[in-house]
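Peer 1: could you work out the structure for the sequence below:
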Amino acid sequence: MKERFLPIGTVVLLKGGKKEVMITSYCIFPTKVQKPNGDKVEGGPKMFEYGGCLFPEGIIDSNMACAFNHSQIEKIIYLGYESDQQKELSKVLNAGYENYKSKYENGSAT
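Peer 2: Have a look, this model is predicted:
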């Protein structure tokens with residue numbers, strides 16, 4: 001699969017998913033992390049590569065937003081708009097993501 005940080009607007013199907021999800025953001029820090037069945041995810045703060053919403057419905061309610069990582073993508077249904085700016089942002093995000101994620105999840109990010 002392509003490298004992380006697909007363009008905003010990309011529509012994907014997540015592994016085990018039944019509904020398509022559209023990427024709406026990068027590097028998100030959800031405050032309420034729970035599994036699809038409603039069970040709370042244990043552990044400290046989490047940072048995810050993508051934020052998304054159901055497609056085609058969009059963001060109807062902020063509680064329906066989802067967070068996921070590139071490794072959870074089963075299939076790319078539609079690739080969002082790619083531009084030179086988006087490609088540059090993807091390079092920047094890829095270069096620093098793991099370091100910042102580690103700092104954030106360990107409580108040392110500033």
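Peer 1: find the residue at the geometric middle of this protein.
Peer 2: Residue closest to the average C-alpha location in the chain (Cα atoms, centre = their mean): residue 50, at 1.2 Å.
Peer 1: what's near enough to touch residue 13?
Peer 2: 20-21, 73-75, 77 (Cβ atoms under 8 Å, 6 or more residues apart in numbering). To be clear about C-beta, it is placed using only N, CA and C from the backbone, and glycine gets the same treatment.
Peer 1: in TSV, list the residues you listed along with distance to residue 92 and secondary structure.
Peer 2: Output for the contacts of residue 13, formatted as TSV (distance: Cβ to Cβ, whole Å; DSSP: H, G, I helix; E, B strand; the rest coil):
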residue	distance to residue 92	secondary structure
20	27	coil
21	23	strand
73	21	strand
74	26	strand
75	26	strand
77	26	strand
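Peer 1: pull out the buried residues from those residues.
Peer 2: The neighbour-count test (16 or more other Cβ atoms under 10 Å) applied to the contacts of residue 13 identifies 20-21, 73 as buried.
Peer 1: residue 56: which of the residues you listed is nearest?
Peer 2: In terms of Cβ to Cβ, no member of those lies closer to residue 56 than residue 20, at 7.8 Å.
Peer 1: hang on, the earlier thing: next, the buried residues of the host helix or strand of the residue nearest to the centre of the chain.
Peer 2: Taking DSSP states H and E as the definition, residue 50 sits inside strand 48-54. Neighbour counts using 16+ other Cβ under 10 Å place 48-53 of strand 48-54 among the buried residues.
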